[in-house]
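J.: Here is my input; please provide its structure:
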Amino acid sequence: MINRRHALGLLAAAGILPSRALANVSYQRSEFRDDLSKRFFALGTEGTFVGYKVDDYLIIASDKNRSGEGRLPASTFKIPNALIALETGVVQDPDKDVFKWDGVTRSIEGWNKDHTLRSAMAVSAFPVFQEVARRIGAERMQKYVDMLDYGNRDIGGGIDTFWVSGHLRIDPVQQVDFVDRLRRGVLPVGKRSQELVRDILPVTKAGDAVIRAKTGLTDKEHGSLGWLVGWLEKGSAVTVFAMNMDCKTKELVDARMPVTQQCLTDIVAM
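T.: Numbering: from 1, shown residues only. This is a model prediction of the structure:
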């Protein structure tokens, strides 16, 4: 199994990422695949894909630089945000605890109603997760972000905005590492919290494969960066992945799942 620093270490050892100060890293297998980068070029944009084929102990990256660049996590932070909410008791039941709509009409229609944690995750309801973060509070949020070893651990920039416009940064390899630990249930929080978050992640079916993943998108001021992070299950085989790309148009925003599926098809028989 990939250990705490494995994901970073595998790529650094292969020269795919810039050198980092890594302790107790054991090297297994890693690979750089230039053909994956062509998926983004074909869309007229730039991006990166990192996949970890669990059974093969193989981590694959599409490029040598962007895979190790920390960026705002945007709505992919809803994964740890939900986990921390459950762990602290801010949310007891993801299907029963209700967050009342504040009455403010927003451009995304699905946000303009009451939500549970599950339904808020499904439509990526930003106002709900802002309220979740406020209820958690800065002190507890920092404690858990540190415990989870999430990105650069910096929650500066406002308790309800730090993941979309503040100081928090995470790179695709770190995303893979975090998501893999959640998938395996080995994060330093309760098993129940991890099980519930895995259960409420949006699911997409692709043939006989299942993808559990969360999108993310920053605003134009912060680069219009699109994310998709999660894992693919095909039978007993699992591939954990993180993709980000520049999404300057709606067509590119909508292409996040298709391009990820193309990259997964390139490295996994789907």
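J.: Just give the nearest non-adjacent residue to Ala85, would you?
T.: The shortest distance from Ala85 to any non-neighbouring residue, by CB to CB, 6 or more residues apart in numbering, is to Val91 (4.3 Å). Heads up, the C-betas are built off the backbone N, CA and C, glycines and all.
J.: Show the contacting residues for the one you found.
T.: Going by CB atoms under 8 Å, 6 or more residues apart in numbering, Val91 touches 82, 85, 97, 117, 132.
J.: Same check on Asn244?
T.: With contact set as CB under 8 Å, 6+ apart, Asn244 has these partners: 47-48, 66, 71, 172, 216, 225-228.
J.: just to revisit the earlier point, report the two of the contacts of Val91 separated the most.
T.: Ala82 and Asp97 (11.5 Å; CB to CB).
J.: higher neighbour count, the two?
T.: Ala82 (25 against 15; other CB atoms under 10 Å).
J.: Which element, helix or strand, includes the more buried one?
T.: Assignment of secondary structure by DSSP states H and E places Ala82 within helix 78-88.
J.: how near is Gly157 to His222?
T.: 11 Å (CB to CB, to the nearest Å).
J.: Now for those two: what residues contact both?
T.: If you check Gly157 and His222 against CB under 8 Å, 6+ apart, the residues they both contact are Ser165.
J.: List the residues that contact Asp160.
T.: Counting by CB under 8 Å, 6+ apart, Asp160 touches 130-131, 133-134.
J.: and with 6 Å instead?
T.: For Asp160, the contacting residues are 130, 133-134, by CB atoms under 6 Å, 6 or more residues apart in numbering.
J.: ok, for it, nearest residue in space, not its chain neighbours?
T.: Using CB to CB, 6+ apart and skipping the chain neighbours, the partner closest in space to Asp160 is Gln130 (3.9 Å).
J.: Strands along the stretch 1-150 of the chain, start to end?
T.: Along the stretch 1-150 of the chain, the segments classed as strands by DSSP state E, counting those that start in this stretch run 29-32, 47-53, 58-61.
J.: Would you reformat the contacts of Val91 as a markdown table and include pLDDT and distance to Lys205?
T.: Below are the contacts of Val91 laid out as a markdown table (pLDDT from 0 to 100; distance: CB to CB, whole Å):
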| residue | pLDDT | distance to Lys205 |
| --- | --- | --- |
| Ala82 | 98 | 22 |
| Ala85 | 98 | 27 |
| Asp97 | 98 | 28 |
| Leu117 | 98 | 23 |
| Val132 | 98 | 28 |
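J.: pLDDT averaged over the helix or strand hosting Arg212 - what is it?
T.: Arg212 is part of strand 209-217, with elements assigned from DSSP H and E. Taken as a whole, strand 209-217 carries a mean pLDDT of 98.
J.: Show me what the following helix or strand past that strand is packed up against.
T.: With elements assigned by DSSP H and E, the helix or strand that comes after strand 209-217 is strand 225-234. For strand 225-234, the packing partners by 3 or more CB pairs under 6 Å, 6 or more residues apart in numbering; DSSP states H and E come out as helix 172-184, strand 209-217, strand 237-246, helix 256-267.
J.: Adding distance to Tyr57, write those out as a markdown table.
T.: Below are the helices and strands packed on strand 225-234 laid out as a markdown table (distance: least, CB to CB, whole Å):
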| stretch | distance to Tyr57 |
| --- | --- |
| helix 172-184 | 12 |
| strand 209-217 | 20 |
| strand 237-246 | 12 |
| helix 256-267 | 14 |
